[in-house]
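1. here is a sequence with its predicted model. Questions after.
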Amino acid sequence: MRTTPATHESAFLKACRREPVPHTPVWFMRQAGRSLPEYLKAREGIPMLESCTMPELVAEITMQPVRRHKVDAAVYYSDIVVPLKAIGIDLDIKPGVGPVIAEPIRTRADLARLRDLTPEDVPYVTQAIGMLTAELGSTPLIGFAGAPFTLASYLVEGGPSRNHEHTKALMYGDPELWADLLDRLADITGAFLKVQIEAGASAVQLFDSWVGALAPADYRRSVLPASAKVFDAVASYGVPRIHFGVGTGELLGLMGEAGADVVGVDWRVPLDEAARRVGPGKALQGNLDPAVLFAPTPAVEAKTREVLDAAAGLEGHVFNLGHGVMPNMDPDALTRLVEYVHQQTAR
Ligand SMILES: Cc1c2[nH]c(c1CCC(=O)O)Cc1[nH]c(c(CCC(=O)O)c1C)Cc1[nH]c(c(CCC(=O)O)c1C)Cc1[nH]c(c(C)c1CCC(=O)O)C2
């Protein structure tokens with residue numbers, strides 16, 4: 001573990017550990033990216049996945065929102081499909097669409113294409129994080145990965161999907177193959193998070209973005225064991241583990257049970273109610289509706305105040321949006337939001 005004493009004492013890591021904070025820490029999912037003109041400039045002519053393998057560029061893009069918005073944490077610029085690409089899966093990120101897989105994974109024979117990931121597969125991650133920890137000073141870096149269900153959904157469907165029909169057909173129709181697929185993905189994901197922590201990430205977030213498509217009983221039976229394996233793989237480092245998904249109101253308790261220290265909440269469940277569902281001993285992250293940022297400043301402030309009021313009794317609160325920053329958002333509205341949360345919660 002490479003977290004320095006100053007980083008260890010940052011508001012973000014304190015909130016994750018449910019310790020008293022000088023102010024509520026703020027970061028935004030997808031804070032790096034197309035909402036920033038400096039991102040569009042840096043990425044000009046470079047395909048998304050290629051940009052993820054260029055350490056200087058990764059470090060620059062990761063730093064951009066930290067410089068501009070004064071957020072309390074950086075999030076490593078990458079994508080959830082980067083480790084899959086690194087082990088040789090033929091895939092691309094299509095602008096305006098998302099990850100597209102050349103040959104979907106649907107049979108037992110297909111599983112053989114999912115080999116283990118080693119640090120040598122992703123040298124650029126270690127290099128970029130080395131540069132970043134030097135530049136970030138006491139600001140923590142959050143590493144991340146896609147959770148087994150969400151990765152499986154891309155791999156089985158072959159791309160983004162509204163109803164996850166192939167994924168659910170496999171999950172319900174061949175539970176043994178499904179379990180083996182998720183177990184493979186858990187190993188790859190665990191290994192990828194370890195690389196990031198070993199290189200200097202001081203927290204990790206597991207994105208199970210699309211798992212809200214499942215009922216609790218199916219989550220418990222068919223997903224929780226694999227996500228728990230990922231959290232177990234990095235437990236010994238002692239860095240906070242955040243778990244987030246969209247539309248997961250009914251799953252919040254189970255997502256905590258999977259092994260998260262911090263449970264991310266979308267905007268559909270108020271944080272005081274989310275705390276009841278998650279139970280004691282865990283911090284919460286969230287949960288302003290991202291679309292609120294398109295409203296005038298007084299409305300943004302009123303909705304932010306509601307989030308802060310609902311969070312007042314929590315053991316630990318990391319302020320975030322209920323999902324990612326949208327590409328057409330006004331970056332100045334995000335900067336103002338960071339200032340507002342800091343000012344409102346200064347103690
Ligand atoms: C589901 C998912 C993906 N990728 C990710 C998730 C989980 C988070 C979530 O739920 O939103 C995770 C991700 N992807 C990216 C980050 C960057 C770090 C950050 O949060 O600042 C993170 C954390 C960069 C990116 N990942 C992507 C971009 C945009 C590509 C570009 O700039 O051309 C960025 C900056 C591409 C991507 N990759 C994915 C999608 C749906 C898209 C958008 C496609 C589009 O609308 O063009 C898959």
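-> Right, received. Where do you want to start?

2. which residue ranges of the stretch 101-250 of the chain form strands?
-> Per DSSP state E, counting those that start in this stretch, the stretch 101-250 of the chain has strands spanning 141-146, 203-207, 241-244. These are given in chain order.

3. let's have these in TSV, adding mean neighbour count, mean pLDDT and distance to the ligand.
-> C-beta coordinates here come from the backbone N, C-alpha and C atoms, glycine included. Listed next are those as TSV, based on neighbours: other CB atoms under 10 Å; pLDDT from 0 to 100; distance: least, CB to the nearest ligand atom, whole Å:
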stretch	mean neighbour count	mean pLDDT	distance to the ligand
strand 141-146	25	98	5
strand 203-207	26	98	4
strand 241-244	26	98	7
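
4. which bits of the stretch 151-300 of the chain sit near the ligand?
-> Taking CB under 6 Å from any ligand atom as the measure of proximity, the stretch 151-300 of the chain contacts the ligand at F207, S209.

5. what are the C-alpha coordinates of stretch 196-209, in PDB please?
-> Once side chains and other backbone atoms are set aside, the C-alpha atoms of stretch 196-209 remain, and they are given as PDB (Å, rounded to 0.1, in the frame of the first residue of the first chain):
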ATOM      1  CA  GLN A 196      -4.100  -0.300  -9.200                       C
ATOM      2  CA  ILE A 197      -3.700  -0.600  -5.400                       C
ATOM      3  CA  GLU A 198      -0.100  -1.800  -5.600                       C
ATOM      4  CA  ALA A 199       0.600   1.100  -7.900                       C
ATOM      5  CA  GLY A 200      -0.800   3.700  -5.400                       C
ATOM      6  CA  ALA A 201      -4.600   3.900  -5.600                       C
ATOM      7  CA  SER A 202      -5.900   4.600  -2.100                       C
ATOM      8  CA  ALA A 203      -9.500   3.400  -2.600                       C
ATOM      9  CA  VAL A 204     -11.300   1.300  -5.200                       C
ATOM     10  CA  GLN A 205     -14.800   1.400  -6.700                       C
ATOM     11  CA  LEU A 206     -16.500  -1.600  -8.200                       C
ATOM     12  CA  PHE A 207     -19.100  -0.500 -10.700                       C
ATOM     13  CA  ASP A 208     -22.000  -2.800 -11.100                       C
ATOM     14  CA  SER A 209     -23.800  -0.300 -13.200                       C
END
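
6. phi, psi of the residue in the stretch 51-200 of the chain that the ligand sits nearest to?
-> Distances from the stretch 51-200 of the chain to the ligand, computed as CB to the nearest ligand atom, single out G98 as the nearest residue at 3.5 Å. Backbone dihedrals for G98, given as degrees, to the nearest 10, come out at phi 120, psi -170.

7. how far away is it from D272?
-> Shown here: G98 relative to D272, a distance of 33 Å by CB to CB, to the nearest Å.

8. what of L36?
-> When distances are taken as CB to CB, L36 and D272 turn out to be 33 Å apart.

9. okay, the two: which has more neighbours?
-> With other CB atoms under 10 Å as the criterion, L36 and D272 differ in neighbour count, and L36 comes out ahead with 22 against 14.

10. what residues does the more buried one make contact with?
-> By CB atoms under 8 Å, 6 or more residues apart in numbering, the contact list for L36 reads Q64, P65, R68, P331.

11. phi, psi for the nearest residue to the residue of the stretch 51-200 of the chain closest to the ligand once chain neighbours are set aside please.
-> The shortest distance from G98 to any residue other than its chain neighbours is 4.3 Å, reached at P160 (CB to CB, 6 or more residues apart in numbering). Listed backbone geometry of P160 is phi -60, psi 150, with angles given as degrees, to the nearest 10.

12. what does the model give the residue of the stretch 201-347 of the chain found nearest the ligand for pLDDT?
-> Taking CB to the nearest ligand atom as the measure, the stretch 201-347 of the chain has S209 as its residue closest to the ligand, at 3.2 Å. Looking at S209, its pLDDT is 96.
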